[in-house]
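**Student:** Sequence first, then the predicted structure, then my questions.
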Number of protein chains: 2
Amino acid sequence: MRTLIVSALALSAALAASSTAQAEEGMWTFDNFPIARANATLGTNIDQAWLDRVRLSSVKFGGCSAGIVSAEGLVMTNNHCVATCVANLSTQAVNYAETGFAPRSREEELKCPGGSAEILTDIADITERMHAAGAGLEGQAFTRARDAEAGRIEQEACGDATDKRCQVVSLYRGGQFKLYTYKKYSDVRLAWAPEDRAATFGGDLDNFSFPRFAIDAAFIRLYENGAPVATPTHFKWNADKPVEGTPVFVTGSPGATQRLLTQDQLFTIRDVVLPMDQLLASELRGRLIRFSQESEENAFIAMDPIVGLENTYKRGLGRMRALVDQDFMAKRAEAEVDFQSRIADRAGDATGSSSATEEADRAAAEAVDAMEGAVAAAEGRPYVPKQMAYPWSELSAVQPIARELYPAMALLEGGTGMGTTPVAGGSQLFNWARTLVRGAQEREKPSAERLPEFADSRLAGVQSGLFAERPVYPALDQVRMEWWLSKTREWLTVDDPRMAVLLGDESPEARSARLVQGTTLGDPAVRRALWEGGLAAIQASDDPMIQYLLTLQEPTRAIRADWEARVDAPTARASEQLAALRFQAYGDSVYPDATGTLRLTYGQIEGTDVPGQRFGAFTTFSGLWDRATGSAPFDVAPKLLAARERIDGDTVLNMAVSSDTIGGSSGSPVVNAAGEILGANFDSTVLTQRNAYGYDRNVNRSVIVTTGAVTTALRDVYGMERLVAELGVE
Amino acid sequence: MRTLIVSALALSAALAASSTAQAEEGMWTFDNFPIARANATLGTNIDQAWLDRVRLSSVKFGGCSAGIVSAEGLVMTNNHCVATCVANLSTQAVNYAETGFAPRSREEELKCPGGSAEILTDIADITERMHAAGAGLEGQAFTRARDAEAGRIEQEACGDATDKRCQVVSLYRGGQFKLYTYKKYSDVRLAWAPEDRAATFGGDLDNFSFPRFAIDAAFIRLYENGAPVATPTHFKWNADKPVEGTPVFVTGSPGATQRLLTQDQLFTIRDVVLPMDQLLASELRGRLIRFSQESEENAFIAMDPIVGLENTYKRGLGRMRALVDQDFMAKRAEAEVDFQSRIADRAGDATGSSSATEEADRAAAEAVDAMEGAVAAAEGRPYVPKQMAYPWSELSAVQPIARELYPAMALLEGGTGMGTTPVAGGSQLFNWARTLVRGAQEREKPSAERLPEFADSRLAGVQSGLFAERPVYPALDQVRMEWWLSKTREWLTVDDPRMAVLLGDESPEARSARLVQGTTLGDPAVRRALWEGGLAAIQASDDPMIQYLLTLQEPTRAIRADWEARVDAPTARASEQLAALRFQAYGDSVYPDATGTLRLTYGQIEGTDVPGQRFGAFTTFSGLWDRATGSAPFDVAPKLLAARERIDGDTVLNMAVSSDTIGGSSGSPVVNAAGEILGANFDSTVLTQRNAYGYDRNVNRSVIVTTGAVTTALRDVYGMERLVAELGVE
């Protein structure tokens, strides 16, 4: 035991390790932002007070980011972030996607169904408590104990408050746990959206590219008790012409990166996860494209889903390309070797014949035992060194299981955090039924024993999603369910016993029609009654979709249990150990993978000049006129086109910045060193998709719609002088 | 020079190298079949006369294989091999796919539009002539010189004969060249086809699997001068119950394998070719599925294309899985190392510090120079040793170029031999226009200067495809063109200058509609007139599809020239060198990759017991009744179901054999040691798809419809006693 502790101290002493991170790399948490390094790199002078103001002006809105831009709760985000809200508020006859949404008065601003917004108010460290909860446990017991502890922590901190949300956040893949507390706004209203084509000029073809010419911006407003929220802390609107080289900070909630994964873990994504997900998405895309061609009504219904699907697909394609880019992957492999050799060097293992991985594994086991032993010693309890603590080998051993289970897990249950296959194709009716059935079953148990998404602390969010009044299009849901059932049968094979439950002797088409046409879950009152009626009401329901979901519980819960026990739990344990080792090897210059929580990144306004991606930093309205052909998606939106003479063609429309972003950063405020907002992040380039697995300073570029362009649109195109004044533009 | 020759002799002396090929591995040519080895492995006693009879009873029918089974030109193949013929002969009202095709008399047998069949009558070695044609040339000059020489050889041997075809075949990727001479039949009539569902029970879901329950058989008949062809040499029909362990030979024309590719070449297929092709196919599949749901007519139109697409897609998926199977790929890597080390060992290079690949490369260069030098010396001409003959490095250097050019080459020109993306989605009208325009332009030049597919020796085949009377469905062609134009724009990116030619300012939908609706090429008389009118007629044509194809010539010919110069030519040169080295390392126990030409493989009737694939050797009609659910595609075809009481349930329906097959082997006669036909190969398992890249005796299983099942279907279901008698069944 003694040698282990000595070894741990030796490792700690070496914490001053240099980081291999590049100057502007990192999606940093607000409680560990490298102020000095950023100031040194950019020549700025930000401080803690600046950080606090930026954090309190930053808003999380669904899967997007946003920023407060007035003292009266006005928030800028991307148009594509309000697209579902716009679709929910529209009918084929009154279609705001087509016309834009430009309310003449504040009273005409419309509530987004199910919309909510959050501001991060507090961060607290709960690492010790979370690690203790899982100590000594393995498999599903480990997962469940951790989930239960997270639910308890959240409930203790937020109780039943409806204007707060508490969230246990795992950082560094379990290396740290933090409790994030948010001020929550459940009344979010749409304050302005441009014509959809003004925001999506170039459509899927220009998506993930630059130069761009898209006014992908919109405004929402935070309400509380029926009135706009007072927001004295907000970003000052700066619509000046942007200047190349200006230091910028991007504040938002990037969704997910996999930079801390081992190479073996990435190969599973490359070989199994992305190919399946992308192939499935492609077929759904084909079905939806043809569906949308069948009638005007179908075109209206399918527009938002197709845009979302194409965006996900194109991002996935960028990632597939990154994972087969031999240079990129070679660099990543080198970084892994560097990490392993630092660990091995420190352990001083002299077994010359073993591989670098084996040495690193052994050293890691020793280090982990040393650390945990030291904690145990400090607490005066005995410690038994673990035999399993070989994180690289552990993670390698998990991969064949993950490869085997992934298709069934993704198709039947989802939520792997690895891929993008939507269960039941994202059918709204199916998803509601699933929430109702699962929710009823889970609420029969104490909170700590439930599936984590139904812990007491999460129920408010579940309910607001379930009760929201939003339109349902059965024809669309049917396309999705047909696709999902036929693809599930194909990937699981027709002889998989689970197919007897999923499909029986029916065809995918017949079963989908029966369920979609027979269900009454489209009515929010029905959903509310079933939720409030609990398990008894669910079991008594003769709704075919509810009955279907009841029969699906056994196979879907079984694959999830299998996945949690054999993939999630060993991955979490090994990743946690790797995280601890990484701190030792590189110190706190290591930033955590993105997890959909608030981060700050920094960089500057600039173009690129790498092969396959050469462009300057800016585009202008003149460029838009030049690029327009008149054929969709290169047709200028009618109101925008009509305003052409009023618009200064030299006004900068979009710009590129070098900050480190990823999906989820959409709508992120782009802020200068004075804390003024210069634009909203809305995209990146295809090459930047490698960002999921590793940062590349030369390649990484985010695409920004400028405040200047938004001001022009509001004033010169959409008659929103009211908002221009609110923004303080003279 | 002297040392080089000595070294070549030393290498030749080592020819007795043991082969690493497994006992039953290999798709052997009929002029190099390992008679002794096969007899030793199987305990049989076949000889050259047996081989000759089998060869002369084997028929190539389109992309399929077939076998003569009576003295009056009757030929058995798969139903899926006549599916396009059946579709061409059907209308929505008289749909033979639905009813089956069971002509009461021989006079009612119907000609397959554009159908032709061939029997291989002669094989001659032309290696020396072909190698001499490319000697000293590089890039496109090399490709063109080779192509021209092949055209000359074919023309010299076959002239303008319409009942013969001559084909220069490259074996061992350029290691040998042979001239294959075929007897050709251009009048092929459909003699019997079952109901489609009897042949496709289980549809795409059961495709590439076993156990199977599909009567995937059909008969055609060879005609000449309006009368059935006398075929005294044919397979004797043996409808006895098959016995497990029986030695079998499969004779047919497997399409293409990539077993002789280097690992680097395979990675290009894994990383670039298959992902793109499969993603594109998935979207087309989604579009066609939805299209077919829109009306009865669309369902009829789209059936054959969807079946073909799903078959290609599923095969591709099996290959993708093989290429990311870590065990399988590790074995393949070992085999490459073995090959390289044999070469390096022989060269006796003592540079200890270099890698195995570098050593092998150097040794290869030396050996190649030695061989070519010896030939030059024998011919009394000077020889300059080449500096470029490092085949592995050469092939590695080609890969980044292939990766970069592949999408444009596949989408604009096709014919890479690597992937499956159909140009213009396989649009019939587009393809005819392409043939007409290219053909007119090429026929202006001497044969030797043309694109090889328009050499004099190939024109008869081109014409018969072009003039065939077959239905065209503009709605289907439009779906395909929309898909192709939109995907080409997506993969090339909208800013690719070629898109200005392909699409201009139109949308894919508008351009497709204009071309498909405006063309008159659906009329065979129009096609004939344009072909016979030559370039003047083409240039004068106001047919929009013809005009479109005229504008496409510049960009499509440019990418093809680029591909030929920078990918094809260096690949051919290096592969040829590798082939020579392989003979030295492994002797003539090496068999060539499949190339769509006649091969013989051997194995036995048996099931498998490997993970993911456990089954016995046989299925029966009883098993079919048990598996049927009544829901498509598990509904028994009506006539077959009606005959249930007349059918002995124990009759073997399908069986599995271990012979080495691949796509193109469809319809291949399965023959016993007595030369009797026991069935027709129609499928293999998903795991068997790795066969493209390497043979695995434990996994590889082909799926056969038995002669017993066919006899039962003819006699007990379809009232074809006429054919039963012709087959000699008592």
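**Tutor:** Okay, I see it. Numbers count the residues shown, from 1 in each chain, chains lettered A, B, ... in the order given.
**Student:** Check whichever residue of the stretch 101-250 of chain A sits closest to chain B and give its pLDDT.
**Tutor:** Going by Cβ to the nearest Cβ, chain B is nearest to A:Leu205 of the stretch 101-250 of chain A, at 4.3 Å. The C-beta positions use only the backbone N, C-alpha and C, and glycine is treated the same way. We have a pLDDT of 95 for A:Leu205.
**Student:** my guess is it meets A:Ala632, correct?
**Tutor:** No. Using Cβ atoms under 8 Å, A:Leu205 makes no contact with A:Ala632, being 10.2 Å away.
**Student:** Compare those two (neighbour count), which wins?
**Tutor:** The neighbour count for A:Leu205 versus A:Ala632, taken as other Cβ atoms under 10 Å in any protein chain shown, is higher for A:Leu205 (18 against 13).
**Student:** wait, what's in contact with that one?
**Tutor:** Contact analysis of A:Leu205 by Cβ atoms under 8 Å, 6 or more residues apart in numbering or on different chains lists A:633, B:489-490, B:493-494.
**Student:** And for A:Leu552?
**Tutor:** With Cβ under 8 Å, 6+ apart, A:Leu552 has these contacts: A:412, A:434, A:501-502.
**Student:** tell me the SS of it?
**Tutor:** Following DSSP: H, G, I helix; E, B strand; the rest coil, the label given to A:Leu552 is helix.
**Student:** how much space between it and A:Leu515?
**Tutor:** 11 Å (Cβ to Cβ, to the nearest Å).
**Student:** got it, and A:Val472?
**Tutor:** Applying Cβ to Cβ to A:Val472 and A:Leu515 gives a distance of 13 Å.
**Student:** before we move on, what about A:Gln604?
**Tutor:** Distance from A:Gln604 to A:Leu515, counting by Cβ to Cβ: 53 Å.
**Student:** Settle it for me: which of those two has more neighbours?
**Tutor:** A:Leu515 (28 against 19).
**Student:** Could you check which helix or strand contains the residue of the stretch 101-250 of chain A closest to chain B?
**Tutor:** helix A:203-206 (DSSP states H and E).
**Student:** cool, A:Met655 as well?
**Tutor:** Assessed by DSSP H and E, A:Met655 sits inside strand A:652-657.
**Student:** What are the contacting residues of that strand?
**Tutor:** Strand A:652-657 is contacted by residues A:210-215, A:241-242, A:248, A:250, A:603-608, A:615-621, A:623-624, A:670, A:679, A:681, A:701-706, A:708-709 when judged by Cβ under 8 Å, 6+ apart.
**Student:** Select only the buried ones of those residues in PyMOL?
**Tutor:** To isolate the buried members of these in PyMOL, using 16 or more other Cβ atoms under 10 Å in any protein chain shown:
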select buried, chain A and resi 210+211+212+213+214+215+242+248+250+603+604+605+606+607+608+615+617+618+619+620+621+623+624+670+679+681+701+702+703+704+705+706+708+709
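**Student:** The contacts of strand A:652-657 in strands, which ones?
**Tutor:** Using DSSP state E, A:248, A:250, A:603-604, A:608, A:615, A:618-620, A:670, A:679, A:681, A:702-706 are the members of the contacts of strand A:652-657 that sit in strands.
**Student:** wait, doesn't A:Ala191 sit right on A:Gly73?
**Tutor:** No. Using Cβ under 8 Å, A:Ala191 is not in contact with A:Gly73, being 9.1 Å away.
**Student:** Overlap of the contact sets of these two?
**Tutor:** A:Arg221.
**Student:** Please say which of the two ends up with more neighbours.
**Tutor:** Taking other Cβ under 10 Å, A:Ala191 and A:Gly73 do not tie; A:Ala191 has more neighbours (28 against 24).
**Student:** Note down every partner strand of the strand or helix carrying the more buried one and its orientation.
**Tutor:** Using DSSP H and E, A:Ala191 maps to strand A:187-192. Looking at strand A:187-192 with DSSP bridges, its partner strands are strand A:110-111 (antiparallel), strand A:218-224 (antiparallel).
**Student:** could you point out which element follows that strand?
**Tutor:** Going down the chain from strand A:187-192, the next helix or strand is helix A:196-200, by DSSP H and E.
**Student:** Just the CA trace of that next one, in PDB.
**Tutor:** Only the C-alpha atoms of helix A:196-200 are listed here, as PDB (Å, rounded to 0.1, in the frame of the first residue of the first chain):
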ATOM      1  CA  ASP A 196     -37.200  31.300 -43.700                       C
ATOM      2  CA  ARG A 197     -35.400  31.600 -47.000                       C
ATOM      3  CA  ALA A 198     -33.600  34.800 -45.700                       C
ATOM      4  CA  ALA A 199     -32.200  32.600 -43.000                       C
ATOM      5  CA  THR A 200     -31.600  29.500 -45.100                       C
END
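**Student:** In chain A, what residue comes closest to chain B?
**Tutor:** Nearest residue of chain A to chain B (Cβ to the nearest Cβ) works out as A:Gly286 at 2.3 Å.
**Student:** Could you pull up the residues touching that residue?
**Tutor:** Contacts of A:Gly286 were listed using Cβ under 8 Å, 6+ apart, and they are B:282-290, B:483.
**Student:** could you check the angle strand A:702-706 makes with the strand holding A:Met655?
**Tutor:** Orientation note: strand A:652-657 sits at an angle of 150 degrees relative to strand A:702-706 (axes from the mean of the first three to the mean of the last three Cα atoms, to 10 degrees).
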